[in-house]
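In: sequence below, structure please.
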Amino acid sequence: MLNLSIAWRNVCRNRRRTGITTTTIALGAAALLLLGALMNYVVLEFQTSTVRRSGHVAVFQSGYLLYGAGSPAAYGIRDYAALMTVIRSDPVMKPLLRVATPVQVVAGVAGNYQVGASKTFFGQGVIPTDRLGMLTWNQHELEGIEAKNSPLARIDGVAVGSGIARILHLCDSAGPGGCPRHPLVKTQPAVSSPQDEELVALSQREHASNIDDAPADAAPRIELLAATAGGAPNVMSAAVERVDAHGAKELNDNLIVMQLSTAQRLVYGRGEPRATAINIQLQRTEDVPAARAALQRLFKARGLDLEVRDFVELNSLYAQTQAFFAFLFGFVALVIGAIVLFTIMNTMSMSVMERFSEIGTARALGVQRSSVRRLFILEGALQGLFGVTVGVVLAVLIVFVVNRSGLVWSPPTSAGVLPFRLYLFGNPALIGGTWLLLIFVAALAAWLPARRASRMPIVDALRHV
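Out: Numbers count the residues shown, from 1 in each chain. A predicted model of the protein is given here:
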């Protein structure tokens with residue numbers, strides 16, 4: 001306690017120098033905390049959008065991720081409804097589970113034969129109520145990301161990306177909106193071969209069979225062409241209920257969301273319907289390892305040839321973003337740590353030079369070298385402690401002001417505008433880690449001048465007046 005009192009008096013001896021040192025440490029700590037708060041918000045927003053779209057964990061037939069893209073029908077999960085019942089009733093999974101829903105993947109060509117436009121598409125067959133339930137997941141209580149889309153109401157209804165809607169000339173005053181209208185709209189389909197004529201005729205018959213029963217205010221219709229599991233072409237007419245704007249151009253230009261039964265009809269025809277995957281959304285992201293282990297144990301016990309992948313494995317961009325932010329934060333922390341290190345080292349070196357006679361007197365009175373060394377290290381740690389504490393308070397005030405300023409931005413994973421937030425208050429590990437790190441760096445920086453002071457010969461120290 002005596003050493004602490006003496007160290008504090010020495011720190012306060014030259015207030016101007018101590019103030020400059022403390023300000024440098026405070027600004028470095030505040031900058032590091034604000035950077036970490038911004039990165040945390042971006043990662044959590046990315047995580048939320050990813051989990052809303054595909055869940056925390058997905059179950060596939062073994063080999064699907066390696067070979068299923070070329071033959072999705074061959075890797076469909078049989079009896080998926082019974083499998084979901086088993087998953088929901090498992091004693092380990094039941095308290096962790098939020099939503100378990102099947103998904104059917106389909107690829108093909110979407111066409112608007114009336115204007116002669118077509119586009120390859122990637123489709124997802126979902127259960128609309130389950131998908132809407134997944135879109136409400138918000139574990140981290142982020143603002144401005146509430147689900148705005150309503151579920152598909154019609155059995156033949158689809159939601160298309162804004163790029164597909166634009167290419168298929170669906171952006172007119174009577175259509176779903178959300179994209180610019182094409183300046184030149186054809187009136188006759190372009191037919192270039194007998195095979196095209198057959199497909200157009202098949203589309204027209206499918207379209208006509210749906211028009212007869214359609215209400216007067218029917219939504220625009222497109223035709224979806226896909227190959228069944230047996231390789232035969234399969235065409236069906238779909239009503240465009242909604243145009244969605246996604247956070248990536250690839251999704252806008254290729255994704256069509258439809259009813260699960262619609263996708264299964266396209267892929268399996270009249271055969272046994274299967275599911276490409278079962279998406280599982282948990283209550284908390286922290287439960288992913290436990291849920292994954294429970295599912296693997298469950299499948300092994302029942303002899304099921306299924307594999308389990310979490311959302312990080314299925315979304316390489318998420319893992320890359322996390323790795324990049326971790327590297328960036330580490331690099332900035334290294335730079336700020338170096339600034340703090342040399343600032344404290346310079347301050348303590350000047351303090352040692354000014355106190356040569358004091359050190360010599362103390363050593364002549366019997367003070368041990370370790371005590372002198374400990375005193376200077378304690379002085380450096382006190383300056384670091386005070387500076388970091390001021391930096392934390394400064395960062396908290398900045399975060400409080402920014403989060404209530406009404407600023408908005410467009411994150412990389414969102415097609416809309418969201419409130420700009422800094423996620424600091426919900427991350428005590430960031431605050432505690434920064435606090436301890438910079439105090440340790442300050443104490444470490446004081447070690448070399450302290451070592452020099454403690455090893456100084458008494459006669460040489462007394463010679464400085």
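
In: what about the residue nearest to L422 when sequence neighbours are not counted, which SS state?
Out: Once flanking residues are discounted, L422 sits nearest to A37: 3.9 Å by Cβ to Cβ, 6 or more residues apart in numbering. Any C-beta I mention is one placed from the backbone N, CA and C, and that applies to glycine too. Under DSSP: H, G, I helix; E, B strand; the rest coil, A37 falls in the helix class.

In: and A37, what does it touch?
Out: Counting by Cβ atoms under 8 Å, 6 or more residues apart in numbering, A37 touches A395, V399, L422, Y423, L424, N427, L430.

In: these two touch, right, the third one and L38?
Out: The one in question is L422. Yes - the criterion here is Cβ atoms under 8 Å, and L422 meets it with L38 at 5.8 Å.

In: out of these two, which sits in the busier spot?
Out: A count of neighbours by other Cβ atoms under 10 Å puts L422 above the other of L422 and L38, at 22 against 19.

In: and the more buried one, that's in a helix?
Out: No - read with three-state DSSP, L422 is coil and lies in no helix.

In: ok, so what distance separates it from Y67?
Out: Going from L422 to Y67 by Cβ to Cβ, to the nearest Å gives 44 Å.

In: again, but for A263
Out: 20 Å.

In: what of L306?
Out: L306 is 15 Å from Y67, by Cβ to Cβ.

In: higher neighbour count, these two?
Out: Shown here are L306 and Y67; by other Cβ under 10 Å, L306 has more neighbours (19 against 11).

In: please name the nearest non-neighbouring residue to the more buried one.
Out: Per Cβ to Cβ, 6+ apart, closest to L306 is F299, 4.8 Å.

In: also A107?
Out: F122 is the one closest to A107 (Cβ to Cβ, 6+ apart), at 5.5 Å.

In: ditto for V390
Out: A26 (4.0 Å).

In: touching, the one you found and L397? I think so.
Out: No - A26 is not in contact with L397 according to Cβ under 8 Å; the separation is 11.7 Å.

In: which one's more surrounded, those two?
Out: Neighbours were counted for A26 and for L397 using other Cβ under 10 Å; A26 has more, 21 against 11.

In: host element of that one?
Out: helix 15-54 (DSSP states H and E).

In: in that helix, what's buried?
Out: 17-18, 21-22, 24-54 (16 or more other Cβ atoms under 10 Å).

In: how about stretch 438-453?
Out: 438-439, 441-447, 449-453.

In: dump it to CSV, restricted to CA.
Out: Backbone C-alpha positions of stretch 438-453 (Å, rounded to 0.1, in the frame of the first residue of the first chain) are rendered in CSV as follows:
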residue,chain,number,x,y,z
LEU,A,438,-3.3,-1.8,-22.4
ILE,A,439,-2.5,-1.9,-18.7
PHE,A,440,-0.2,-4.9,-19.3
VAL,A,441,1.5,-3.0,-22.2
ALA,A,442,2.0,0.0,-19.9
ALA,A,443,3.5,-2.0,-17.2
LEU,A,444,5.7,-3.8,-19.7
ALA,A,445,6.8,-0.5,-21.2
ALA,A,446,7.9,0.7,-17.7
TRP,A,447,10.0,-2.5,-17.1
LEU,A,448,13.0,-1.4,-19.1
PRO,A,449,13.5,2.0,-17.5
ALA,A,450,12.7,0.4,-14.1
ARG,A,451,15.4,-2.2,-14.7
ARG,A,452,17.9,0.6,-15.7
ALA,A,453,17.0,2.5,-12.5
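
In: can you tell me the SS state at the residue nearest to A107?
Out: F122, by the three-state scheme (three-state DSSP), is strand.

In: what's the neighbour count on it?
Out: 16.

In: report the beta-bridge partners for it.
Out: A107, L255 (DSSP bridges).

In: is it in contact with I256, as I believe?
Out: Yes - contact status for F122 versus I256: in contact at 7.4 Å, counting by Cβ under 8 Å.

In: mind checking how far N234 is from T262?
Out: Taken as Cβ to Cβ, the span from N234 to T262 is 11 Å.

In: ok, the two, which is more surrounded?
Out: A side-by-side neighbour count of N234 and T262, using other Cβ under 10 Å, places T262 first with 25 against 21.

In: that one: helix or strand, and which one exactly?
Out: helix 260-268.

In: what about the strands in the stretch 251-400 of the chain?
Out: Ranges of strands in the stretch 251-400 of the chain, per DSSP state E, counting those that start in this stretch, are 255-259, 277-282, 306-310.

In: swap in the stretch 101-250 of the chain?
Out: 117-126, 157-161, 221-227, 233-244.

In: for the helix or strand containing A429, give the mean pLDDT please.
Out: Assigned by DSSP H and E, A429 falls within helix 428-454. For helix 428-454, mean pLDDT is 86.

In: and if you look at stretch 221-239?
Out: pLDDT averaged over stretch 221-239 gives 85.

In: just the CA trace of that stretch, in CSV.
Out: Extracted in CSV, the C-alpha atoms of stretch 221-239 (Å, rounded to 0.1, in the frame of the first residue of the first chain):
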residue,chain,number,x,y,z
ARG,A,221,-47.4,-15.2,-64.2
ILE,A,222,-44.2,-16.9,-65.3
GLU,A,223,-43.3,-20.4,-66.4
LEU,A,224,-40.8,-22.5,-64.6
LEU,A,225,-38.9,-25.2,-66.5
ALA,A,226,-36.9,-27.8,-64.7
ALA,A,227,-35.7,-31.4,-65.3
THR,A,228,-37.3,-34.1,-63.1
ALA,A,229,-35.4,-36.8,-61.3
GLY,A,230,-35.9,-39.0,-64.4
GLY,A,231,-34.5,-36.4,-66.7
ALA,A,232,-37.8,-35.4,-68.3
PRO,A,233,-38.6,-31.7,-68.8
ASN,A,234,-41.3,-30.4,-66.4
VAL,A,235,-43.1,-27.0,-66.8
MET,A,236,-45.4,-25.3,-64.5
SER,A,237,-47.0,-21.8,-64.3
ALA,A,238,-46.4,-19.7,-61.2
ALA,A,239,-47.9,-16.5,-60.0
